[in-house]
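Asks: Predicted structure and sequence below. I'll ask about it afterward.
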Amino acid sequence: MVFNTVGSIATHIASKMVLPVGVSGALVDTVDLNRIKVQNFAQIGIASNSIAEQYQDIITDFSKADALEEAFAWASTVATSGGAVIMTTGTDDASSIKLGDLDVKDAGKAQTAVLNYLSSLSKETPAILRKTAQMSMDNLGYKLNHFKALG
């Protein structure tokens, strides 16, 4: 893989998934936190700008799982709260609709695309990605230190 930096992994994930703005904007931080998780497990330093190939897929899968969980949480909030209104007619050319204090901008199209994408995925997708990453991480092994007691 050629995703040897935190930023390149985040860019790859963002290009392959349709994510809400709040999730995709924080994707670099999500990837970096997963890099730290793998680094702590493997007990080896993994720099954010030179990630070895053996760790790239693990970090990517953990990050995809986290991003999807955050996106599903966003989608359920949008679906159950009255605070977000998404309008799409497909034929309207108006960039915004205003009625009293209610002001709906053009952002609804992007939000609708995210909801459509998420509805095509299983709710189990993040768990499957996380399980795959965990199994790959377990296959890495870890460093053991042996000490002999004197006396």
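Replies: Okay, I see it. From a predicted model like this one, the values you see are computed outputs, not experimental measurements. Numbering: from 1, shown residues only.

Asks: got the buried residues for the helix or strand where D138 lies?
Replies: For D138, the host element (DSSP states H and E) is helix 125-140. By 16 or more other CB atoms under 10 Å, the buried positions in helix 125-140 come out as P126, L129, R130, T132, A133, S136, M137. Where you see a C-beta, it was placed from the backbone N, CA and C, and this is true even at glycine.

Asks: Verify the stated contact: the fourth one with T60.
Replies: No. Counting by CB atoms under 8 Å, T132 stays clear of T60, with 10.3 Å between them.

Asks: who touches the closest residue to T132 other than its chain neighbours in this structure?
Replies: Of all residues not flanking T132 in the chain, D61 sits nearest, at 5.4 Å (CB to CB, 6 or more residues apart in numbering). Counting by CB atoms under 8 Å, 6 or more residues apart in numbering, D61 makes contact with L129, R130, T132, A133, S136.

Asks: Go ahead and confirm the fourth one touches Y55.
Replies: Going back to what we said before, that points to A133. No. Using CB under 8 Å, A133 is not in contact with Y55; the gap is 10.4 Å.

Asks: Centre-most residue in this protein?
Replies: A67 (2.0 Å; CA atoms, centre = their mean).

Asks: is it possible to export the buried residues of helix 125-140 to a markdown table including distance to A14 and pLDDT?
Replies: Output for those, formatted as a markdown table (distance: CB to CB, whole Å; pLDDT from 0 to 100):
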| residue | distance to A14 | pLDDT |
| --- | --- | --- |
| P126 | 16 | 90 |
| L129 | 16 | 92 |
| R130 | 19 | 93 |
| T132 | 20 | 94 |
| A133 | 18 | 94 |
| S136 | 22 | 93 |
| M137 | 23 | 90 |
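
Asks: follow-up on the earlier one: from L144, how far off is the residue nearest to T132?
Replies: Distance of D61 to L144, computed by CB to CB, to the nearest Å: 25 Å.

Asks: repeat for V31
Replies: 28 Å.

Asks: ok, the two, which is more surrounded?
Replies: For V31 versus L144, neighbours defined as other CB atoms under 10 Å are more numerous around V31 (29 against 6).

Asks: Sort out which residues of the helix or strand encompassing that one are buried, please.
Replies: Element membership of V31, judged by DSSP H and E, is helix 27-42. Residues of helix 27-42 classed as buried: L27, V28, T30, V31, D32, N34, R35, K37, V38, Q39, A42 (neighbour count, 16+ other CB under 10 Å).
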